[in-house]
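J.: Sequence plus the predicted model coming up.
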Amino acid sequence: MHEWLHDGPIVGMVHLPALPGAPRYGGDRRAVRERALADARALESGGVDAVMVENFGDAPFHPADVPKHVVAEMTAHVGAVRGAIDLPVCVNVLRNDAAAALSVAAATGADAIRVNVHSGARLTDQGIVEGRAHETLRLRERLDRDVAILADVAVKHSAPLAPEDLAAETRDAVERGLADGVIASGGGTGRPVDDERLRTVAAVAEEHGVPAFVGSGATADTVADLLAVADGVVVGSALKAGDAADPVDEGRVRALVEAAGR
């Protein structure tokens, strides 16, 4: 299933501006759509292998159940992105609404979802966020769509509730949560992942035949070394001229792709 996940993909982020109903929404749905399409096209032209659409601008995030209008908005934007580019598309609904992400992916024909807390629980700025792998996997069966599940391990912007055992958490995500891939990230957006943490997650993933991704902090200077350990990278901040909320810079995309040896 989803061979592209095993081909060392570079996944570029489409960070959506705030959607209607969010505190920072600018009042123009068309502007949100145009920004999403421009970023997706810049990522494709720059040479990435896939894109991930995320409601990045919606802070402060709902912890686990976004309102229905957010699901509708995400479906519209993900569908538009899918129609504009010829790449695999992934969906992440922040903070941790896997059911919404899976529903959006199924409706639009997207290829994968990212789940920040798929199994276990983490302490976050939204409070305690709990994994719902049991619900997510059963929903995928009901929807009958071939959507891959990429699960974060010790996700960024969170802390463990008990002494952390990264290898055990990775095994739980794959063996008991049945994730199709795992993601290791640094402490926050744009922050590099610790080498030892990455190697631990990647080693367990390799044992189980699933890909391990770097979820934050990859740059043109580090991407080649990261791909020597991980099977792929998810990149957002490094492809912007400044802040993570800025538009995608195609030149930066091309530089990172070239640095990765593509």
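T.: Yes, it's here. Please read all numbers here as calculations on a predicted model, not as lab measurements.
J.: packing partners for the strand or helix carrying residue 182?
T.: Element membership for residue 182 (DSSP states H and E) is strand 181-184. Counting contacts by 3 or more CB pairs under 8 Å, 6 or more residues apart in numbering; DSSP states H and E, strand 181-184 packs against strand 148-153, helix 195-208, strand 212-214. (C-beta placed from N, C-alpha, C; glycine too.)
J.: quick check, residue 14 in a helix?
T.: No: counting by DSSP: H, G, I helix; E, B strand; the rest coil, one finds residue 14 to be strand, located in no helix.
J.: Can you give me the separation between it and residue 23?
T.: According to CB to CB, to the nearest Å, residue 14 and residue 23 sit 21 Å apart.
J.: Hmm, residue 129 and residue 122 touching each other?
T.: Yes: Residue 122 lies in contact with residue 129 (CB atoms under 8 Å); the separation is 5.4 Å.
J.: what residues do the two have in common as contacts?
T.: Common contact partners of residue 122 and residue 129 (CB atoms under 8 Å, 6 or more residues apart in numbering): 116, 158.
J.: Would you mind giving the helices and strands packed on strand 181-184 as JSON lines with distance to residue 169 added?
T.: Shown next, in JSON lines, are the helices and strands packed on strand 181-184 (distance: least, CB to CB, whole Å):
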{"stretch": "strand 148-153", "distance to residue 169": "5"}
{"stretch": "helix 195-208", "distance to residue 169": "9"}
{"stretch": "strand 212-214", "distance to residue 169": "13"}
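J.: and residue 245, helix, strand or coil?
T.: Secondary structure, three-state DSSP: residue 245 is coil.
J.: Wait, it touches residue 58, no?
T.: No: counting by CB under 8 Å, residue 58 is not a contact partner of residue 245; they are 11.8 Å apart.
J.: give me the beta-bridge partners of residue 181?
T.: residue 150 (DSSP bridges).
J.: Could you report the neighbour count for it?
T.: 22 (other CB atoms under 10 Å).
J.: Check residue 256 too.
T.: Using other CB under 10 Å, residue 256 has 26 other residues around it.
J.: hmm, back to that, settle it for me: which of residue 14 and residue 23 has more neighbours?
T.: Set residue 14 next to residue 23 and count neighbours by other CB under 10 Å: residue 14 wins out with 26 against 9.
J.: Next one: the more buried one, what pLDDT does it get?
T.: What the model reports for residue 14 is a pLDDT of 98.
J.: what does the average pLDDT come to for the helix or strand harbouring residue 258?
T.: Residue 258 belongs to helix 250-259 when assigned by DSSP H and E. If you average the pLDDT over helix 250-259, you get 97.
J.: Please state the offset of it from the chain centre?
T.: 19 Å (CA atoms, centre = their mean, to the nearest Å).
J.: The least confident helix or strand in the chain by mean pLDDT pairs with which strands, parallel or anti?
T.: Least confident helix or strand of the chain, by mean pLDDT, DSSP states H and E, is strand 158-160 with a mean of 89. Applying DSSP bridges to the sheet, strand 158-160 is found paired with strand 121-124 (antiparallel).
J.: Check which residues of stretch 123-139 are buried.
T.: Within stretch 123-139, the residues that count as buried by 16 or more other CB atoms under 10 Å are 124, 126, 129, 131, 132, 133, 136, 137, 139.
J.: ok, now which ones touch the third one?
T.: The one in question is residue 129. Contacts of residue 129 (CB under 8 Å, 6+ apart): 63, 64, 95, 96, 116, 117, 121, 122, 123, 158.
J.: next one: the last one
T.: Residues near residue 139 by CB under 8 Å, 6+ apart: 99, 102, 103.
J.: For residue 133, see how far away it is.
T.: Distance of residue 139 to residue 133, given as CB to CB: 11 Å.
J.: give me the element residue 193 is part of.
T.: Counting by DSSP H and E, residue 193 is found in no helix or strand.
J.: Pass me the low-pLDDT residue ranges in the stretch 51-200 of the chain, would you?
T.: Counting by pLDDT under 70, the stretch 51-200 of the chain contains no low-confidence range.
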